[in-house]
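[1] okay, predicted coordinates and the sequence, questions at the end:
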Amino acid sequence: MLDTKLEDLSRELALCLKCKMCTYGDWPENYPLCPPYFKNEFFTYSGGGMVYIARSLLMGLIDYSPAMAEILYQCTTCGNCDRICEVLPVSPPHKSVTDIIRLVRSQLVAKGQTGLPALAELGARLVEEHSLVGKRSSEHLADLTARGTRGPVLFAGCLTAQKRPTVLRDVDRILASADVEYQLMSDEWCCGAQAYDLGLWESLPSLAAHNVDALRALGAEQVIFLCPHCYRFFDKVYPSILNKDLNELRLMHVGEFLGELAREGRLNLRREVPLKVTYHDPCSLGRIAGQFEPSRDLLRQIRGLELVEMARNKMNSYCCGAGGGVKWAFPDFSRETAAQRLDDAVATGADTVASACPLCEWSLADAGGALKVANVTELIAYAID
Ligand code: SF4
Ligand code: SF4
């Protein structure tokens with residue numbers, strides 16, 4: 001993908017019918033699912049509209065500009081348009097709507113036309129500190145008891161480490177209880193997933209090479225990701241960035257791994273947790289990676305916990321507002337979208353909204369409101385103690 005040019009996508013770009021199917025979810029509910037389209041109520045802000053921007057660029061009708069960036073950087077890469085559009089995939093080798101959006105963003109960055117100071121800061125941070133959110137502290141590494149020198153490697157990710165540091169401690173507590181020894185990389189760098197979405201492509205080869213070399217140095221056979229963005233990016237994009245497959249590594253999101261332990265009878269969920277919980281599907285784990293059930297299955301196993309569904313769920317789940325780098329590019333719009341998602345959660349009567357992604361949790365917690373925002377692992381760890 002990093003070598004792809006707009007000219008290579010001429011067939012995909014010519015196919016969009018402006019049918020607007022990509023702005024809504026599955027029939028018959030037809031929930032609005034594209035946050036920028038929902039906010040702006042204008043086709044240009046939808047997946048199809050952004051494909052038309054790319055097509056107009058290719059035809060030389062318009063040029064890269066900050067005004068264009070203002071539209072393209074509102075996409076949260078939630079993947080709804082990719083899933084709904086049945087027209088672009090008829091042209092193999094297929095590039096999706098979000099692939100096209102990322103490619104145009106990368107060109108906006110390369111041409112200095114984003115008009116977004118936050119992007120320059122992020123780019124510098126990735127090069128100097130190898131993190132999206134500042135130099136890593138070691139807060140998330142305190143009091144770990146199951147960390148050892150053998151077993152699967154836990155990949156925390158910079159958002160977990162800096163924004164949700166208790167998640168690693170909760171996972172550590174769960175693994176200690178299940179008698180699982182795990183390893184951590186001594187110098188884990190940002191996976192690059194958000195940089196990829198934001199079009200900050202220059203730093204990606206070095207981030208990917210560093211992380212894969214560090215895993216190989218540990219002799220890793222299995223890698224457990226605490227963040228679904230890291231998981232999916234390693235799995236789907238690292239091979240093309242590094243030009244080699246990662247077949248020797250078994251890559252899993254933590255929800256899948258804990259599900260395996262549960263099936264082996266190794267989760268000791270003794271404590272009752274009398275909470276009414278609704279589960280927010282992270283776009284990157286649910287709609288995009290197809291994992292809807294592992295987190296729900298874990299929550300269902302907690303005694304006393306009542307799991308209730310939001311109207312927009314699973315394939316029709318609404319984004320938390322932070323994906324695609326929108327949390328950095330347009331923080332107010334990101335918070336607005338998160339507040340809409342919290343309204344969905346409040347409507348269920350739940351007291352807690354749980355997710356399985358540090359970016360979603362940061363976004364939902366940052367939008368305020370009375371609901372407790374929790375990671376699924378926090379509830380599992382609590383049920384064990
Ligand atoms: S990925 Fe989501 S936010 Fe972006 S254009 Fe598609 S539906 Fe809209
Ligand atoms: S991207 Fe696909 S679904 Fe969206 S308007 Fe174009 S053809 Fe229709």
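    Done, it's in. Ligands and ions are numbered 1, 2, ... in the order given.

[2] spell out which parts of this structure neighbour ligand 2.
    16-22, 47-48, 51, 81, 84-85, 87-88, 97 (CB under 6 Å from any ligand atom). C-beta here means a position set from N, CA and C on the backbone, and glycine is covered the same way.

[3] please flag which of these sit within helices.
    The helices, defined by DSSP state H, take in 47-48, 51, 81, 84, 97 from those.

[4] from those residues, which are also near ligand 1?
    With CB under 6 Å from any ligand atom as the criterion, these include 47, 81, 97 near ligand 1.

[5] list just the nearest of those to Tyr31.
    Cys81 (13.9 Å; CB to CB).

[6] tell me the contacts of the nearest residue to the closest one once chain neighbours are set aside?
    Closest residue to Cys81 apart from its sequence neighbours, by CB to CB, 6 or more residues apart in numbering: Gly47 at 2.8 Å. Applying CB atoms under 8 Å, 6 or more residues apart in numbering to Gly47 gives the contacts 22-23, 34, 75, 80-82, 85, 97-98, 101.

[7] ok, which pair from the ones in helices among the residues of the chain next to ligand 2 is furthest apart?
    Val51 and Ile84 (12.9 Å).

[8] so the two - more neighbours on which side?
    Val51 (27 against 23; other CB atoms under 10 Å).

[9] so that one is in contact with Asp82, correct?
    No. Here Val51 does not reach Asp82: they are 11.1 Å apart, not a contact under CB atoms under 8 Å.

[10] what touches both of those two?
    By CB under 8 Å, 6+ apart, Val51 and Asp82 have these common neighbours: Val97.

[11] list the contacts for the residue of the stretch 101-250 of the chain found nearest ligand 2?
    The stretch 101-250 of the chain approaches ligand 2 most closely through Ile101 (10.7 Å), counting by CB to the nearest ligand atom. Each residue near Ile101 by CB under 8 Å, 6+ apart is listed here: 47, 50, 54, 72, 75, 77, 324.

[12] top of those by neighbour count?
    Gly47 (31 neighbours).

[13] give me the pLDDT for that one.
    Gly47 carries a pLDDT value of 97.

[14] so what's Tyr382 closest to, chain neighbours aside?
    Excluding its sequence neighbours, the residue lying closest to Tyr382 (CB to CB, 6+ apart) is Val273, at 6.1 Å.

[15] you'd agree the one you found is up against Gln301?
    No. Val273 is beyond contact range of Gln301, at 10.6 Å (criterion: CB under 8 Å).

[16] what does the helix or strand hosting Gly255 contact?
    Using DSSP states H and E, the element containing Gly255 is helix 254-263. Contacts to helix 254-263, defined as CB under 8 Å, 6+ apart, come from residues 152, 154, 171, 174, 178, 180, 224-226, 267, 285, 291, 294-295, 297-298, 301, 356, 376-377, 380.

[17] that helix: how far from the chain's middle?
    Chain-centre distance of helix 254-263: 20 Å, with CA atoms, centre = their mean, to the nearest Å.

[18] and the top helix by length along the chain, what's buried?
    The residue-count maximum for a helix in the chain (DSSP H) belongs to helix 331-347. Neighbour counts over helix 331-347 (16 or more other CB atoms under 10 Å) mark 333-335, 337-338, 340-342, 344-346 as buried.
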